[in-house]
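S.K.: Pasting a predicted model and its sequence here:
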Amino acid sequence: MTSLPLIGEAVAVAAEPRLAGAKIGVVTFPGTLDDRDAARAVRLAGATAVPLWHADTELGDVDAVVVPGGFSYGDYLRAGAISRFAPLMSKIIDAANSDAKLPVLGICNGFQILTESHLLPGSMIKNDHLKFICRDQVLRVENANTAWTVDYQNGQEITVPLKNQDGQYIADEKTLDALEAEGRVVFRYVGFNPNGSRRDIAGISNAAGNVVGLMPHPEHAVEAGFGPSTNDGTDGLGFFTSVLTKIVGGDK
């Protein structure tokens, strides 16, 4: 009889030697919940996870940054509004907007922080049903040319967990039209809009494609047997392999 591996022993992919030197920073704020999950996803993809503290004043030599989910500063005032002023965020904003275009991924609360930081347009408000929701969610990949999606295909459907209470993405019609026209809607909800987000938007990018934010949690779908039942539960791993592909120069 074949038994499932113990948590901590499952290996999703074999790390490629060419990716071994890549360093992905994972930021922790007071109230962050998913930093360890994000760091594990980075390691499973083949890179080194570098812990970053919100009060740090330097990014170091990381090749990309993940701003993970949780409830930074307890979501007081507004989700992500306080975190936006953390010392490390100013460094992330500068690096993302620099000529080097540091890849930055914001997941759930991280997405909220990126909108508050104006790295991404629009805003996040409470779900239209005013309740916390937790479920496996189907997403359609609308743009497979960002730093975090090059290992997917346009139109591909993936399933990753979703868990939020402030997950409704909103923006004015002009901004929404621009996102659509410029191909900056990266993910869209399929079959069910879980939070009332405008135009079923689940994730977006900046104009350069190096900054991506989304509400669902790809870091919870990276190990066979421990994520959603679809495709062995590893649909989220492509986020982390994609940025490594980008870092080593394997653009499409």
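M.R.: Received, thanks. Residues are numbered from 1 along each chain as shown.
S.K.: What is the burial count for the nearest residue to residue 89 once chain neighbours are set aside?
M.R.: Leaving aside its sequence neighbours, residue 89 sits nearest to residue 117 (C-beta to C-beta, 6 or more residues apart in numbering; 5.9 Å). Where you see a C-beta, it was placed from the backbone N, CA and C, and this is true even at glycine. Counted with other C-beta atoms under 10 Å, the neighbours of residue 117 add up to 23.
S.K.: swap in residue 60?
M.R.: If you count neighbours by other C-beta under 10 Å, residue 60 ends up with 10.
S.K.: shouldn't residue 143 be in contact with residue 149?
M.R.: Yes: Residue 143 is within contact range of residue 149, at 6.3 Å (criterion: C-beta atoms under 8 Å).
S.K.: and for these two, which residues touch both?
M.R.: Each of residue 186 lies in contact with both residue 143 and residue 149 under the rule C-beta atoms under 8 Å, 6 or more residues apart in numbering.
S.K.: more neighbours, those two?
M.R.: Each of residue 143 and residue 149 has its neighbours counted (other C-beta under 10 Å); residue 149 has more, 27 against 20.
S.K.: how would you label residue 188: helix, strand or coil?
M.R.: strand (DSSP: H, G, I helix; E, B strand; the rest coil).
S.K.: And it, how far from residue 42?
M.R.: 25 Å (C-beta to C-beta, to the nearest Å).
S.K.: who's more crowded, the two?
M.R.: Per other C-beta under 10 Å, whichever of residue 188 and residue 42 has more neighbours is residue 42, with 26 against 18.
S.K.: Can you tell me how far that one is from residue 135?
M.R.: Applying C-beta to C-beta to residue 42 and residue 135 gives a distance of 25 Å.
S.K.: Then residue 184?
M.R.: Distance from residue 184 to residue 135, by C-beta to C-beta: 26 Å.
S.K.: next one: residue 41
M.R.: Shown here: residue 41 relative to residue 135, a distance of 20 Å by C-beta to C-beta.
S.K.: Same drill for these two, tell me which one is more crowded.
M.R.: More crowded of residue 41 and residue 135, by other C-beta under 10 Å: residue 41, with 30 against 11.
S.K.: Next one, pLDDT for the more buried one please.
M.R.: What the model reports as pLDDT for residue 41 is 97.
S.K.: Where do the helices of this protein begin and end?
M.R.: 35-45, 87-97, 109-116, 173-181, 237-247 (DSSP state H).
S.K.: from these, which stretch is densest packed?
M.R.: Most buried of the helices of the chain, by mean neighbour count (mean count of other C-beta atoms under 10 Å): helix 109-116, with a mean of 28.
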